[in-house]
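Chemist: I would like the atomic coordinates for the input below:
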Amino acid sequence: MSSNKTEHGFVSFVSGGPGPIDLLTLRGRSRIESADVILYDALLDPGFLDLFPEDAQILYVGKRSGEHARTQSEINSLLVEFATQGKHVVRLKGGDASIFGRLAEEIQSLEKEGISFEVIPGVSSVTTGVAELGLSLTVRGISRQIIILDGHTILEDERSWIGMENFQGTIAILMGSKKTKELAETLIQKGMSGTTPIVLAENVGRGNPIYTTSTLADTALNEIPKQSTGPGILYVGEVIRPLLDRTKKTLGYSSQNLI
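Modeler: As a prediction, this is how the structure comes out:
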């Protein structure tokens, strides 16, 4: 998608994918290589730095838990500032920019100033993780729906759980790997069966993925311990059942490195 205004510079929102450069799209790469200014996030492979033009202005604006290089307001202002100077700005984001990337806020700041932009989609960590598990998010007769939740704030918003008791699909929870016990307890309270499979996938797309399988009931009792310091994704639903069945259980959960 792109706007049709051209009086200022131009902003390309580039989705960098889950980490490695070979999951960056060709279109995204071409925008990076032609940028005058690049504002980039955390969680990207250091190899991305090799793609940045030597004469480009590079600013790290990443935000990790408790460590924010820039506030969201500052990022919005930087995009406007550089674009109004007539520059081609690349806003490089991890994963797919449209999923929990605060993309809408940054677009809104550009639209207020009449600045042109485009959004380049990318490979999401949600699809990368399930691919590395050898599973599908949808399965005929088992899962025809997908919900992507923000595990960081979902526990604070009762509205987001409405209808969960009748949900027949797959749930992917980002930023919830440190709250597995609370999330499992809530899903059971909202009507999901305690026998529903759950898996925590860590470091997806980075060459060293780790997954830990369990059930909601076991996770509500024992949580799923995180095995790494990298990001994790929780998948919940019957599509996980084959993975659960083929993994040897230990103390209510089982963990395995995929390589």
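
Chemist: in which helix or strand would I find residue 32?
Modeler: Assigned by DSSP states H and E, residue 32 falls within helix 26-33.

Chemist: mind listing what's buried in that helix?
Modeler: 28, 29, 31, 32 (16 or more other CB atoms under 10 Å). In short, each C-beta sits where N, CA and C put it, glycine included.

Chemist: which helix or strand lies directly C-terminal to it?
Modeler: strand 37-40.

Chemist: how far is that following strand from where the chain is centred?
Modeler: In terms of CA atoms, centre = their mean, to the nearest Å, the centre of strand 37-40 is found 19 Å from the chain centre.

Chemist: output the below-cut-off pLDDT ranges for the stretch 101-250 of the chain.
Modeler: 247-250 (pLDDT under 70).

Chemist: for it, what spans make up the strands?
Modeler: For the stretch 101-250 of the chain, the strands defined by DSSP state E, counting those that start in this stretch occupy 116-120, 146-150, 170-174, 197-202, 210-215, 232-236.

Chemist: mind giving me TSV with those and columns for mean neighbour count and distance to residue 8?
Modeler: Converted to TSV, those look like this (neighbours: other CB atoms under 10 Å; distance: least, CB to CB, whole Å):
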stretch	mean neighbour count	distance to residue 8
strand 116-120	19	7
strand 146-150	16	32
strand 170-174	24	33
strand 197-202	25	41
strand 210-215	24	45
strand 232-236	26	37
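
Chemist: between these, which gets nearest to residue 61?
Modeler: Of all the strands of the stretch 101-250 of the chain, strand 116-120 sits nearest to residue 61, with 16.5 Å by CB to CB.

Chemist: packing partners for the helix ranked longest in the chain?
Modeler: The helix spanning the most residues in the chain, taking DSSP state H as the definition, is helix 72-83. Packing contacts for helix 72-83, counted by 3 or more CB pairs under 8 Å, 6 or more residues apart in numbering; DSSP states H and E, involve strand 10-15, strand 37-40, strand 88-93, helix 103-112.

Chemist: off-centre distance for the longest one?
Modeler: By that I understand helix 103-112. 20 Å.

Chemist: list the buried residues for it?
Modeler: For helix 103-112, by 16+ other CB under 10 Å, it's 103, 106, 107, 109, 110.

Chemist: contact partners for the second one?
Modeler: The contact partners of residue 106, taken as CB atoms under 8 Å, 6 or more residues apart in numbering, are 13, 75, 76, 79, 91.

Chemist: on that earlier part again, show residues contacting the longest helix of the chain.
Modeler: Residues outside helix 72-83 that contact it (CB under 8 Å, 6+ apart) are 8-11, 36-37, 39, 57, 59, 61, 63, 70, 89, 91, 102, 105-106, 109-110, 113, 115-116.

Chemist: change it to 10 Å
Modeler: With contacts defined as CB atoms under 10 Å, 6 or more residues apart in numbering, helix 72-83 is touched by 8-11, 13, 36-39, 41, 57, 59, 61, 63, 68-71, 87-89, 91, 102, 105-110, 112-117.

Chemist: quick one: buried residues of it?
Modeler: In helix 72-83, counting by 16+ other CB under 10 Å, buried: 75, 76, 78, 79, 80, 82, 83.

Chemist: how far away is the last one from residue 26?
Modeler: Distance, residue 83 to residue 26, by CB to CB, to the nearest Å: 24 Å.

Chemist: cool, the third one as well?
Modeler: Separation of residue 78 from residue 26 (CB to CB) stands at 26 Å.

Chemist: repeat that for the fourth one.
Modeler: Counting by CB to CB, the gap from residue 79 to residue 26 is 24 Å.

Chemist: coming back round to it: what is the mean pLDDT for the helix holding residue 32?
Modeler: Averaged over helix 26-33, pLDDT sits at 97.

Chemist: between it and strand 88-93, how many degrees?
Modeler: 120 degrees (axes from the mean of the first three to the mean of the last three CA atoms, to 10 degrees).

Chemist: what's the offset of helix 26-33 from the middle of its chain?
Modeler: For helix 26-33, the distance to the chain centre is 20 Å (CA atoms, centre = their mean).

Chemist: rebuild the buried residues of helix 26-33 as JSON lines, extending it with distance to residue 175.
Modeler: Formatted as JSON lines, those follow (distance: CB to CB, whole Å):
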{"residue": "28", "distance to residue 175": "23"}
{"residue": "29", "distance to residue 175": "27"}
{"residue": "31", "distance to residue 175": "27"}
{"residue": "32", "distance to residue 175": "26"}
